[in-house]
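Visitor: predicted structure and sequence below. I'll ask about it afterward.
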Amino acid sequence: MRRVEERSRSGAKLRRRPIIYIFCEGEETEPVYFRRFKSRNSNLEIRPIVSQNKSAPHLVAEAKKYITRYESYYPDDGDQIWCVFDRDSNTDEAISKAGQLANKYGYQIAFSNPAFELWFLLHFFDQNAPVSDVAAIIRKLESNGGIKHYSKSKDYYSILKPLQPEALSRARQLIKKHETNGNVILSRDSNPVTTVSDLVTLLNEKMQLE
């Protein structure tokens, strides 16, 4: 019997909630944000998992080990695994290897160049010029019209949610721009870019279907 169908004590069929596993290199910002997509009334379970690995391929490999050892993973029943990581000090070779491993295992990647906070920034501003690092992003994010006194440990979901359509549009425009220019998205050359929009779009669609 497929895991998606389980019987209760009364004999009635219960539908198992598909799980979206989100492996995050960040210990605070990403898990805090993605946990807010959860809903008690939803049949979708969102499970952020914190990794200690800043190395992109090691993060993907760790996800594989974790799922194999500790979880019952059923992609045919709707389970998905996403690996969320930033450019950081990852070389092009490391980023490419992470992509290859994810493709081999059937996982998805949400990549931000240079940092996850770019996704937050796009809720408020356009950002077409390259950004040096996360500190530069935060400086702009804290400017007039953004988030004052930004902290990685705070929950900004409620502030960001109404502006999400603008962020999705801006993120997609950046991806299209790099693709048009021949830049590989999973590389250091794709600055600025974030494919967190793909994961957010998926979560929104799944929540609406429930």
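Guide: Structure received.
Visitor: show me where this protein has its helices.
Guide: Ranges of helices in the chain, per DSSP state H, are 29-35, 56-70, 92-105, 117-121, 134-141, 157-160, 164-180, 196-209.
Visitor: and those helices, which is most packed in?
Guide: Of all the helices of the chain, helix 117-121 has the most neighbours on average by mean count of other Cβ atoms under 10 Å, namely a mean of 25. For the C-beta atoms, the positions are set from N, CA and C on the backbone; glycine is no exception.
Visitor: which strands and helices sit next to that helix?
Guide: helix 134-141, strand 193-194, helix 196-209 (3 or more Cβ pairs under 8 Å, 6 or more residues apart in numbering; DSSP states H and E).
Visitor: of all these, which one comes closest to T180?
Guide: Closest approach to T180 among the helices and strands packed on helix 117-121 (Cβ to Cβ): strand 193-194, 12.5 Å.
Visitor: where does pLDDT dip in the protein?
Guide: Applying pLDDT under 70 to the chain picks out residues 1-14, 39-41, 208-210.
Visitor: which of the helices of the chain sits closest to R16?
Guide: Among the helices of the chain, helix 196-209 sits nearest to R16 (Cβ to Cβ), with 14.2 Å.
Visitor: tell me how far the closest one lies from the chain's centre.
Guide: Distance of helix 196-209 from the chain centroid (Cα atoms, centre = their mean, to the nearest Å) equals 10 Å.
Visitor: ok, residues contacting it?
Guide: If you take Cβ atoms under 8 Å, 6 or more residues apart in numbering as the criterion, helix 196-209 is touched by 18, 20, 22, 34, 37, 39, 42, 44, 46, 80, 82, 84, 108, 110, 112, 116, 119, 164, 167-168, 171-172, 175.
Visitor: ok, 6 Å please
Guide: By Cβ atoms under 6 Å, 6 or more residues apart in numbering, the surrounding residues in contact with helix 196-209 are F37, S42, L44, W82, A110, W119, L168, A171.
Visitor: and the third one, how many neighbours?
Guide: In this case it means L44. If you count neighbours by other Cβ atoms under 10 Å, L44 ends up with 17.
Visitor: noted, bye for now.
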